[in-house]
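Asks: what would the 3D arrangement of this be:
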Amino acid sequence: MQTSGQYYSLPPLGGMPPRNPDPDTAEICSQTGRYGYHSRLPTPEPRMTDSSLLIGDIGGTNARFAIADPVQPGFSRAMTLQCGDFDTAEHAIESYLGEVDAPRPGALCLAAAGPVVDGVVRFTNNHWRLEPAELKRGFDTQAVRLLNDFEAVAYSLPCLETSHLAPIGLPEAQPLGQRDFTVAAIGPGTGLGAVGLCRRKGEIFPIVGEAGHTGFAPESQVQIEILAILRERFARVSDERLVSGPGLENIYWALTRIHGEKKTQLNAAEICALGASNQDPRAAETLHLFFEILGQVAGNLALALGAHQGVFIAGGIARRYPDLLVNSGFRSAFEAKGRHRSLMERIPTQLITHPEPGLLGASYCALQMREGLM
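Replies: Residues are numbered from 1 along each chain as shown. Have a look, this model is predicted:
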């Protein structure tokens, strides 16, 4: 179990008054110990009760919960729980509320690593199931919203400050601001999430799908050989079979087969550690190919969505190894789109370094629920 007392409150997506960002107005709250800003603007009259806004970002391995700021996108009392420790999401939420001593939530907004079909989430890499009816009954509220985890990441993108973004090659990215834009985000973790976000005439629209399950298209001889080997293990080889935590293990296993080596199979954490330190040449080769293929897939997503204003890289793997990402073949592979190379060279790519973009995006949605806009 991991907890964070840090308070995240960032610039809002249009319509909601920001708190004054002047550092002179910032202070530590005497009751909670959290860091935040005083507002010189009046607090809008809420349309819900003053009970808490519970938000969550639930992946295949971890579930992150927090309490959303009631005024602008942001959150506090963040905690990470292991999904495997709980039979259901409801049990995990109950545990979280008890640990942080939070009141029963007046609204729940949960982002989940799986498609929302008929209002229900069935996880791809998790035994939990999320149903609005169960959540409403269990927490005695009618305000429940479920969204895809990368839909939440999409909502966070206009809120991110430059300090929470790191460039990956050229060109230099311009702030999204209030202009019309189309951008994309992609991130390897337990699975491979992908999403788009558009702004048109002041309104933002996420483009949600399961692009991580697009079929893998090799672009080099070694990738062709890896694909052939993985087809012995999987009936269908999607991008997620290579660009994810399990994907690292698949690439490593395939490379040992290609090189005729009888190595002990490593897990993703071991591959990253040994590859980053160059202690295992096969692990280092795995990381090189991993980021190269991530660049290919990110470029394909940019072409598919017309994400000309930028592609954002999310997920814990990339965030833990930013130098490897920046110095890898990612950007070269991103741009290598044949006749469209000149177009790709103009699209900026950035790494999201904010520790919880999913929670940030979920906090925006929870605030919209409070205001009666969702």
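Asks: let's verify the residue at the greatest distance from the centre of the chain: helix, strand, or coil?
Replies: For the chain, the residue at maximal distance from the C-alpha centroid (CA atoms, centre = their mean) is residue 260, at 36.5 Å. Secondary structure, DSSP: H, G, I helix; E, B strand; the rest coil: residue 260 is coil.
Asks: so it versus residue 226, what's the distance?
Replies: 15 Å (CB to CB, to the nearest Å). In short, each C-beta sits where N, CA and C put it, glycine included.
Asks: related to what we said a few turns ago, quick one: pLDDT of the residue farthest from the centre of the chain?
Replies: pLDDT recorded at residue 260 is 95.
Asks: what's near enough to touch the closest residue to residue 129 other than its chain neighbours?
Replies: Leaving out its chain neighbours, the residue that sits closest to residue 129 by CB to CB, 6 or more residues apart in numbering is residue 122, at 5.7 Å. Contacts for residue 122 (CB atoms under 8 Å, 6 or more residues apart in numbering) come out as 114-115, 129.
Asks: mind doing that once more with 10 Å?
Replies: Residue 122 is in contact with 112, 114-116, 128-131, counting by CB atoms under 10 Å, 6 or more residues apart in numbering.
Asks: how does this protein divide into domains?
Replies: 2-156+356-370, 163-353 (automatic domain parsing).
Asks: lowest-confidence stretch among the ones you listed?
Replies: Among those, domain 2-156+356-370 carries the lowest mean pLDDT (a mean of 75).
Asks: just give me the neighbour total for residue 265.
Replies: 10 (other CB atoms under 10 Å).
Asks: was I right to think it contacts residue 253?
Replies: Yes: the pair residue 265 and residue 253 passes the contact test of CB atoms under 10 Å, sitting 6.0 Å apart.
Asks: closest to residue 368 among the contacts of residue 122?
Replies: Comparing those against residue 368 with CB to CB places residue 116 closest, at 16.5 Å.
Asks: what bridges to the closest one?
Replies: Beta-bridge partners recorded for residue 116 (DSSP bridges): residue 121.
Asks: and the next element down the chain from the biggest helix by length in the chain?
Replies: Under DSSP state H, the helix in the chain containing the largest number of residues is helix 281-305. Where DSSP states H and E defines the elements, the next helix or strand beyond helix 281-305 is strand 311-313.
Asks: so what are the sheet partners of that following strand and their directions?
Replies: Partners of strand 311-313 in its sheet, by DSSP bridges: strand 181-188 (parallel), strand 349-352 (parallel).
Asks: please identify the deepest-packed of the ones you listed.
Replies: Comparing the strands paired with strand 311-313 by mean neighbour count (mean count of other CB atoms under 10 Å), strand 181-188 ranks first with a mean of 26.
Asks: please report the distance of residue 315 from residue 188.
Replies: From residue 315 to residue 188 the distance is 5 Å (CB to CB).
Asks: now residue 215: closest residue in space, sequence neighbours ignored.
Replies: residue 238 (6.0 Å).
Asks: so that neighbour sits against residue 231, correct?
Replies: No: if you go by CB under 10 Å, residue 238 and residue 231 don't touch, sitting 11.7 Å apart.
Asks: who touches both of those two?
Replies: residue 216.
Asks: between these two, who's got more neighbours?
Replies: Set side by side, residue 238 and residue 231 show more neighbours around residue 238, with 20 against 13, by other CB under 10 Å.
Asks: ok, now which ones touch that one?
Replies: Contacts of residue 238 (CB under 10 Å, 6+ apart): 191-192, 210-216, 230, 244, 247.
Asks: likewise residue 67?
Replies: Counted by CB under 10 Å, 6+ apart, residue 67 has contacts 52-55, 74-79, 96-97, 100, 102-103, 105, 363, 366.
Asks: again, 6 Å this time
Replies: If a contact means CB atoms under 6 Å, 6 or more residues apart in numbering, then residue 67 has 52, 76-77, 102 as its contacts.
Asks: which helix or strand contains residue 75?
Replies: Going by DSSP H and E, residue 75 is part of strand 74-82.
Asks: typo on my end, residue 99
Replies: helix 89-100.
Asks: now that helix: how far from the chain's centre is it?
Replies: Distance, stretch centre to chain centre, for helix 89-100: 22 Å (CA atoms, centre = their mean, to the nearest Å).
Asks: that helix versus strand 74-82: what angle between them?
Replies: 120 degrees (axes from the mean of the first three to the mean of the last three CA atoms, to 10 degrees).
Asks: picking that back up, which residues touch the longest helix of the chain?
Replies: Contacts of helix 281-305 (CB under 6 Å, 6+ apart): 184, 186, 194, 196, 211, 219, 239, 242-243, 248, 251-252, 255, 271, 274-275, 278, 311, 325, 328-330, 333-334, 337, 344, 347.
Asks: hmm, which of those residues are the buried ones?
Replies: Buried residues within those, counting neighbours by 16 or more other CB atoms under 10 Å: 184, 186, 194, 196, 211, 239, 242-243, 248, 251-252, 255, 271, 274-275, 311, 325, 328-330, 333-334, 337, 344, 347.
Asks: which of the residues you listed fall in helices?
Replies: Judged by DSSP H, helices contain the following of those: 248, 251-252, 255, 271, 274-275, 325, 330, 333-334, 344.
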